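> Return atomic coordinates for the entry below.
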Amino acid sequence: MTYWHALLLAIVEGITEFLPVSSTGHMIIASALLGIPATAFTKLYLVVIQLGAILSVLVVYWRRFFQSFDFYLKLLVAFLPVVVVGLTLKKYIDILLESVTTVGVMLLLGGIVLLFVDKWFPQETVEDGGHPTTTPNFRQALVIGVFQCLAVVPGVSRSAATIIGGLTQKLTRKAAAEFAFFLAMPTMAAAAAKDLLDFYQDGGRLTGADVKLILFGNVVAFVVALLAIRLFIGFVTKFGFRAFGIYRIIVGGILLVMIGLGIDLQLL
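This is a model prediction of the structure:
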């Protein structure tokens, strides 16, 4: 992997980590298009650079992390389901990380769901006599955590799964998106730690050049994600999720057509 590869993948990660379009799916597609071999280090890089992106949440919402202790307990409750699923299915998840076809199918199906999310879960407003929920309780946090488990399949999108989970619990779009951001921190930190441990246990070793690539990727992902978070919150609050559904359907459809025609993505 070159610095050019690392830069492009980090930009893709920073833009897509908090959008309901699947950052992992997009990085798998980008890796295939760039002809990057699916080595142990490449797989590690795709996970670890997500740390840079999620650190942007701490910068943008730092005041929220000085709330009551309940804030952290709710994150823990929401985090635990994916720990169980992730550890149980780790071997199968790693296999799926190499499948561009899986990404295409999940992008397409997830896009169809996002087309109707705004209709299924209309926003309540105080002006209309509704009672919009801006902070989940413990039961709602657990439900959101269960939804997050769907995202172990590449292409589903952790952000999409957790946001939809929040919407099913009557959270506002903004509140659902922000809780998804907060939940990303323990989730992705744990995923990175587990992948690093597995990498070393399988005999892998990081060279000085590898470490520099990872640090470089994290910095780029962090900066790009800072911009993406603010833009995304403003967009979904005003317009909802339909545009992301259309985008996913287009990308997933094109990907599946290319695969069906036998086009080698690494030759593009």
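> Show the residue spans covered by the helices in the stretch 151-268 of the chain.
Taking DSSP state H, counting those that start in this stretch as the criterion, the stretch 151-268 of the chain carries its helices at 158-168, 173-201, 208-239, 242-260.
> ok, and for the last one, which residues are buried?
Pointing back at helix 242-260 there. By neighbour count on 16 or more other Cβ atoms under 10 Å, the buried set for helix 242-260 is F244, G245, Y247, R248, I249, V251, G252, L255, L256, I259. For glycine as for every other residue, the C-beta is placed from the backbone atoms N, C-alpha and C.
> quick one: which of these is nearest V84?
The closest of those to V84 turns out to be R248 (Cβ to Cβ; 27.5 Å).
> Next up, the contacts around that closest one.
P20, V21, S22, L107, L108, G110, G111, L114 (Cβ atoms under 8 Å, 6 or more residues apart in numbering).
> Flag whichever of the residues you listed scores worst on pLDDT.
Taken together, the contacts of R248 show their lowest pLDDT at S22, with 82.
> burial count for it?
29 (other Cβ atoms under 10 Å).
> out of the helices of the stretch 151-268 of the chain, deepest packed?
A comparison of the helices of the stretch 151-268 of the chain by mean neighbour count, using mean count of other Cβ atoms under 10 Å, puts helix 158-168 on top with a mean of 26.
> Now do it: distance to the chain's middle.
Chain-centre distance of helix 158-168: 11 Å, with Cα atoms, centre = their mean, to the nearest Å.
> Outside of that helix itself, list whatever touches it.
Residues contacting helix 158-168 (Cβ under 8 Å, 6+ apart): 17-24, 78, 110, 113-114, 117, 120-121, 136, 140, 143-151, 173, 175-177, 179-180, 183-184, 187, 241, 244.
> and the angle for it with helix 173-201?
Relative orientation of helix 158-168 versus helix 173-201 (axes from the mean of the first three to the mean of the last three Cα atoms, to 10 degrees): 140 degrees.
> which one of the helices of the stretch 151-268 of the chain lies closest to V57?
Here helix 173-201 is closest among the helices of the stretch 151-268 of the chain (Cβ to Cβ), at 4.7 Å.
> correct me, but V153 touches M106?
Yes: at 5.9 Å, V153 counts as touching M106 under the criterion of Cβ atoms under 8 Å.
> And stretch 55-71, end to end?
17 Å (Cα to Cα, to the nearest Å).
> Name the residues that touch that stretch?
Counting by Cβ under 8 Å, 6+ apart, G14, E178, F181, F182, A184, M185, N218, F222, A225, L226, I229, R230 sit against stretch 55-71.
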